[in-house]
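**Q** structure here, sequence nowhere to be found:
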């Protein structure tokens, strides 16, 4: 059983560019959450997708957007990149609105903005 | 407001010594509590979780945690630390309030293990 997978593993962009990160959830899961983890910090919740809709959003600007596809995979898009967007981006999947909220994490995508 | 506090930013222990990592939470309802571990450059791995029932929960890699409602704490313990336990440890509380369902994280505790 494949766990949560993310691509790419690493990415280098320059300020002002746009980036797309991808995530495939664990088999049987149809809810995907995205987190940003800056160096030395805990994860910060960006947003959560279920049934191809954004269900919740953290305190992130509109430059951060996402999408969920019918096969439950998800994309995170960041426009007009800033230096401060450099971080590890983590995708987590879970059962739909599980009351236990147990999330399974992928290995992350390391984004560096120069 | 919901929050998670990990008072110790960095801890160093000797291999074979016991370990306790502290976690305090602030949440008005029954909490769902988690401990995750993150090795350098890696994603997050679930160590253990508390949903209900027995307040002492066992996890992987020999870790355990005890939920103490009166102290709003969920401290992680291991009786004998191995060098491979060196990593970042995160405590999290699951928020379930209507459509608001997400994890709130502590800032983490970095564990170093001396040989």
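**A** It's in. Quantities reported herein were computed from a predicted structural model and do not represent experimental measurements.

**Q** contact residues of chain B facing chain A?
**A** B:32, B:34, B:36, B:41-46, B:49, B:51, B:90, B:94-96, B:99-108 (C-beta under 8 Å from any C-beta of the partner chain). C-betas here are computed from N, CA, C, even on glycine.

**Q** switch the cut-off to 6 Å
**A** Taking C-beta under 6 Å from any C-beta of the partner chain as the criterion, the neighbours of chain A within chain B are B:32, B:43-44, B:51, B:90, B:94, B:96, B:101-102, B:105-108.

**Q** residue closest to the middle of chain A?
**A** residue A:34 (3.1 Å; C-alpha atoms, centre = their mean).

**Q** pull the contacting residues for that one.
**A** A:46-47, A:76, A:91 (C-beta atoms under 6 Å, 6 or more residues apart in numbering or on different chains).

**Q** now with 7 Å?
**A** A:46-47, A:66, A:76, A:89, A:91 (C-beta atoms under 7 Å, 6 or more residues apart in numbering or on different chains).

**Q** before we move on, the earlier item: quick one: which of the residues of chain B next to chain A has the most company?
**A** Of all these, the highest neighbour tally under other C-beta atoms under 10 Å in any protein chain shown goes to residue B:44, namely 28 neighbours.

**Q** so that one is in contact with residue B:38, correct?
**A** Yes - with contact defined as C-beta atoms under 7 Å, residue B:44 counts as touching residue B:38 (5.1 Å).

**Q** now for the two: what residues contact both?
**A** With C-beta under 7 Å, 6+ apart applied, the overlap between the contact sets of residue B:44 and residue B:38 consists of residue B:90.

**Q** ranges for the strands of the chain?
**A** By default, I'm working from chain A. If you assign secondary structure with DSSP state E, the strands in chain A sit at A:5-7, A:10-13, A:19-24, A:31-37, A:44-50, A:53-57, A:64-68, A:74-78, A:87-94, A:104-105, A:109-113.

**Q** not what I meant, chain B
**A** B:3-5, B:10-14, B:19-21, B:24-26, B:32-38, B:45-50, B:56-58, B:64-68, B:73-78, B:87-97, B:100-105, B:109-114.

**Q** neighbouring strands - and their directions - for the second one?
**A** Partner strands for strand B:10-14, per DSSP bridges, with pairing direction: strand B:109-114 (parallel).

**Q** just to revisit the earlier point, for residue B:18, find the nearest of the strands of chain A.
**A** strand A:104-105 (27.6 Å; C-beta to C-beta).

**Q** what's the end-to-end length of stretch A:10-20?
**A** End-to-end distance of stretch A:10-20 (C-alpha to C-alpha, to the nearest Å): 12 Å.

**Q** who's in contact with the closest residue to the residue nearest to the centre of chain A other than its chain neighbours?
**A** Spatial nearest neighbour of residue A:34, excluding adjacent residues (C-beta to C-beta, 6 or more residues apart in numbering or on different chains): residue A:46 at 4.3 Å. With contact set as C-beta under 7 Å, 6+ apart, residue A:46 has these partners: A:34-36, A:58, A:60, A:64.
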